[in-house]
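Student: give me a 3D structure for the following:
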Amino acid sequence: MYDVEYELRVLKRIVEIDTDVMKKTGYVKCAEALKEEAEAIGLKVKVYDSKDHAGDGISRPNLVATLDVGADKTIGIVTHYDVVPPGEGWSYPPFKLTIVEDKAYGRGAADDKGAIATALGALRKIGDKSIYNVKLMMSPDEEVGGRYGIGYLANIIKVKCDEVIILDGGPEAVSIGASGIIRGTIRVRGTQGHAAYPHLYSNPIYGLITFLDKFRRFSEIRARKISKIPAPPGSPLPYLWGRFSITILRAGEKENIIPGEAVAKFDLRVLPDEDINEALAELKAFFMAVKQETQVNAELIDVRGGGNWYIDPDHPMAKRFQKAASKAYGEPIPIAGEFGGNDGRYFAPKGIPTISYGPLRQGTNYHGVNEHVYLRDLKCVRDALIYYLTGDIS
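Tutor: Below you'll find the predicted structure:
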């Protein structure tokens, strides 16, 4: 019905290889399969293993599959083959592609192995009809920041591209920016001791509770930060807004022990067009104000972040891809930004025009149980790539 037999065959093959980003045990096998598939459709493949750069002895093959038609311009298509752990409660085996009606289930079916299948499917159909040279990048470790994946290709190998398509987004909008992340820890120290004698020790849990009760106001401050970049379709606000969440609380090991410390970890989302240093300064200033207000001896530690990026919504590349996507779906596809982050961070800040798109439709449970991809999205995302790469966007 959707003419995606090839894409499903490739997807089946790579979904059945467990490339859990935490274990990394399936990376080599998956890279070998992708190299074989890319070469079978006439692409020239080079493999760049970042193992030595990472320094931990774990192989991380990064593939660059090239279609060279002698064009003046080269398009980079960026994908990743690592996946998050499957978790529990699946209705179908997570590492076996299961097709039910119009959906294909499996870990990575949407994020991001479905995107790899659509890219290979597009290049298979295009052949030498492309008006651009193409470098399809297929990397690991995206789910842990991409430093030894796409970051390695962009910053160490220095793969050259004139434009970049991050094929790791949803089909609802052509994304011209993504949010960055600042993560960190709030720590309150106490004195550990027997819980039968609380009068002899200082319990840090109470201090952390007091601190967080005041610190949650920072979520309201961040929510008042409004981007110039439109939010994706279906969002409660027309433009992206700032977000801050406490995501982890941790203290204690045993019921009868007063712990020596209590910690809270947080996730601050930086707008695509926001200065990350200003966001960091705002965080630190509010932290110090709450510390003074509560008189809790709290520390702000392990703060790190970055990754936000954007291009002009009216950039010619964005407009061209918008036409290609709209033609593929037979309906207008808007231009917007993304709530999350992606590998565009390695290209857009260098002045390389970058957009994000792909089959990760909202509601496909990527990063959750029963992750799936719609067969229609496999077809339409593939066709959007074909229209863009052949210039057939009228």
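Student: from residue 19, how far off is residue 351?
Tutor: If you measure residue 351 against residue 19 using Cβ to Cβ, to the nearest Å, the figure is 32 Å. C-betas here are computed from N, CA, C, even on glycine.
Student: the two: who's more crowded?
Tutor: residue 19 (25 against 8; other Cβ atoms under 10 Å).
Student: wait, the more buried one sits on residue 32?
Tutor: No: Residue 19 lies out of contact with residue 32 (Cβ atoms under 8 Å); the separation is 12.0 Å.
Student: what's the single longest helix in the chain?
Tutor: helix 276-294 (DSSP state H).
Student: residue 303: how many residues sit nearby?
Tutor: For residue 303, using other Cβ under 10 Å, the count is 16.
Student: starting at the chain centroid, how far to stretch 371-382?
Tutor: Distance of stretch 371-382 from its chain centroid, counting by Cα atoms, centre = their mean, to the nearest Å, is 18 Å.
Student: just the CA coordinates for that stretch, please, in PDB.
Tutor: What follows is stretch 371-382, C-alpha atoms only, in PDB (Å, rounded to 0.1, in the frame of the first residue of the first chain):
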ATOM      1  CA  GLU A 371       7.900   2.400  20.100                       C
ATOM      2  CA  HIS A 372       6.700   2.400  16.500                       C
ATOM      3  CA  VAL A 373       6.800   4.200  13.200                       C
ATOM      4  CA  TYR A 374       3.900   4.800  10.800                       C
ATOM      5  CA  LEU A 375       4.400   3.200   7.300                       C
ATOM      6  CA  ARG A 376       3.000   6.300   5.700                       C
ATOM      7  CA  ASP A 377       5.700   8.400   7.400                       C
ATOM      8  CA  LEU A 378       8.400   6.100   6.100                       C
ATOM      9  CA  LYS A 379       7.100   6.700   2.600                       C
ATOM     10  CA  CYS A 380       6.500  10.400   2.900                       C
ATOM     11  CA  VAL A 381       9.800  11.300   4.700                       C
ATOM     12  CA  ARG A 382      11.600   9.200   2.000                       C
END
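Student: so for it, mean pLDDT?
Tutor: The average of the pLDDT scores along stretch 371-382 is 98.
Student: now residue 209: phi and psi?
Tutor: Per-residue torsions, residue 209: phi -60, psi -50 (degrees, to the nearest 10).
Student: check what pLDDT it gets.
Tutor: pLDDT, residue 209: 98.
Student: next one: residue 127
Tutor: 89.
Student: that one contacts residue 134, doesn't it?
Tutor: No: the criterion here is Cβ under 8 Å, and residue 127 misses it with residue 134 at 11.1 Å.
Student: between these two, who's got more neighbours?
Tutor: Under the neighbour definition other Cβ under 10 Å, residue 127 and residue 134 were set side by side, and residue 134 has more, 24 against 11.
Student: give me the element that one is part of.
Tutor: Using DSSP states H and E, residue 134 sits within strand 133-139.
Student: can you name the element that comes right after that strand?
Tutor: helix 150-152.
Student: check which helices and strands the helix or strand just after that following helix sits against.
Tutor: With elements assigned by DSSP H and E, the helix or strand that comes after helix 150-152 is strand 163-167. Where contact means 3 or more Cβ pairs under 8 Å, 6 or more residues apart in numbering; DSSP states H and E, strand 163-167 is packed against strand 74-80, helix 113-126, strand 354-357, helix 375-390.
Student: if we go to 10 Å?
Tutor: strand 74-80, helix 113-126, strand 133-139, strand 174-178, helix 316-329, strand 354-357, helix 375-390 (3 or more Cβ pairs under 10 Å, 6 or more residues apart in numbering; DSSP states H and E).
Student: how far away from the center of its chain is that strand?
Tutor: Chain-centre distance of strand 163-167: 13 Å, with Cα atoms, centre = their mean.
Student: distance between stretch 254-273 and the chain's centre?
Tutor: 23 Å.
Student: what are the buried residues along that stretch?
Tutor: Buried residues in stretch 254-273, defined by neighbour count with 16 or more other Cβ atoms under 10 Å: 258-266, 268-272.
Student: so how far is residue 169 from the most centrally placed residue in the chain?
Tutor: Against the mean C-alpha coordinate of the chain, by Cα atoms, centre = their mean, the closest residue is residue 342 at 3.9 Å. Distance from residue 342 to residue 169, counting by Cβ to Cβ: 7 Å.
Student: common neighbours of those two, please.
Tutor: 112, 175, 178, 356, 358, 360 (Cβ atoms under 10 Å, 6 or more residues apart in numbering).
Student: ok, now how distant is the second one from residue 229?
Tutor: Spelled out, that is residue 175. Taking Cβ to Cβ, one finds residue 175 at 9 Å from residue 229.
Student: can you list the weak-confidence ranges in the stretch 201-350 of the chain?
Tutor: Residues of the stretch 201-350 of the chain meeting the criterion pLDDT under 70: none.
Student: distance between the ends of stretch 348-363?
Tutor: 28 Å (Cα to Cα, to the nearest Å).
Student: just the buried residues of stretch 254-273: which are in strands?
Tutor: 258, 261, 262, 263, 264, 265, 266, 268, 269, 270 (DSSP state E).
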